[in-house]
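Enquirer: I'd like to go over a predicted model; first the sequence, then the structure.
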Amino acid sequence: QVQLVESGGGLVQAGASLRLSCAASGRANKRKPMGWFRQAPGKEREFVAVFSWSGDRTYYADSVKGRFTISRDNAKDTIALQMNSLRPEDTAVYYCGVLGTSEYDNPRAYDHWGQGTQVTVSS
C-alpha cells in the first residue's frame with residue numbers, strides 16, 4: 001500500500017522561505033515520478049512542480065518558476081520543495097502525488113496523494 005507523508009508547512013511572512021518534504025513508502029514502481037500540487041480554499045487543486053518520467057527534467061507552474069525548486073532523494077524515495085520569496089498567494093494546502101500518466105499538470109493523472117501540509121503566508 002502506497003503512503004505519502006508531507007511535512008514542513010507552517011506560517012511565515014511574505015518573502016520568507018519554507019522547505020516541504022514528502023516521504024513515500026510501499027511503492028512497488030519507484031520509476032513513477034512524484035510531484036507537488038496545492039489547493040487554496042474554494043479553488044481547484046493546481047499543479048506546482050514535478051519530475052519528468054526520465055528523471056532528468058523538472059516542470060514548474062509559471063507562478064512558481066524561479067522561486068520554487070523540486071528535488072529528490074531516490075535512495076529514500078522522498079521529494080522536497082524548496083520555496084523561496086513566498087507570497088500571500090502561495091497560501092494553500094500542499095500535496096505530493098505519484099504521477100501515473102504523462103499529463104503531469106492534471107491532478108487526475110496522479111495515482112496517490114498524501115494528506116497535505118498547510119502553508120500560510122502573511123502579508
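Expert: Cool, the structure landed.
Enquirer: Please count neighbours and contacts with C-alpha atoms only from this point.
Expert: Fine.
Enquirer: Check the one residue sitting closest to the centre of the chain and give its pLDDT.
Expert: Geometric centre of the chain, nearest residue: residue 36, 1.9 Å, by C-alpha atoms, centre = their mean. Looking at residue 36, its pLDDT stands at 98.
Enquirer: Mind listing the strands whatever helix or strand it lives in pairs with, and their directions?
Expert: Applying DSSP states H and E as the criterion places residue 36 in strand 34-39. If you go by DSSP bridges, strand 34-39 pairs up with strand 46-51 (antiparallel), strand 92-99 (antiparallel).
Enquirer: among those, which is nearest residue 110?
Expert: strand 92-99 (4.3 Å; C-alpha to C-alpha).
Enquirer: Can I get the closest one in PDB? Just the C-alpha atoms.
Expert: What follows is strand 92-99, C-alpha atoms only, in PDB (Å, rounded to 0.1, in the frame of the first residue of the first chain):
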ATOM      1  CA  ALA A  92      -2.600  26.700   0.300                       C
ATOM      2  CA  VAL A  93      -2.500  23.100   1.400                       C
ATOM      3  CA  TYR A  94       0.400  21.500  -0.500                       C
ATOM      4  CA  TYR A  95       0.100  17.800  -1.600                       C
ATOM      5  CA  CYS A  96       2.600  15.400  -3.100                       C
ATOM      6  CA  GLY A  97       1.400  12.800  -5.500                       C
ATOM      7  CA  VAL A  98       2.600   9.900  -7.700                       C
ATOM      8  CA  LEU A  99       2.200  10.500 -11.400                       C
END
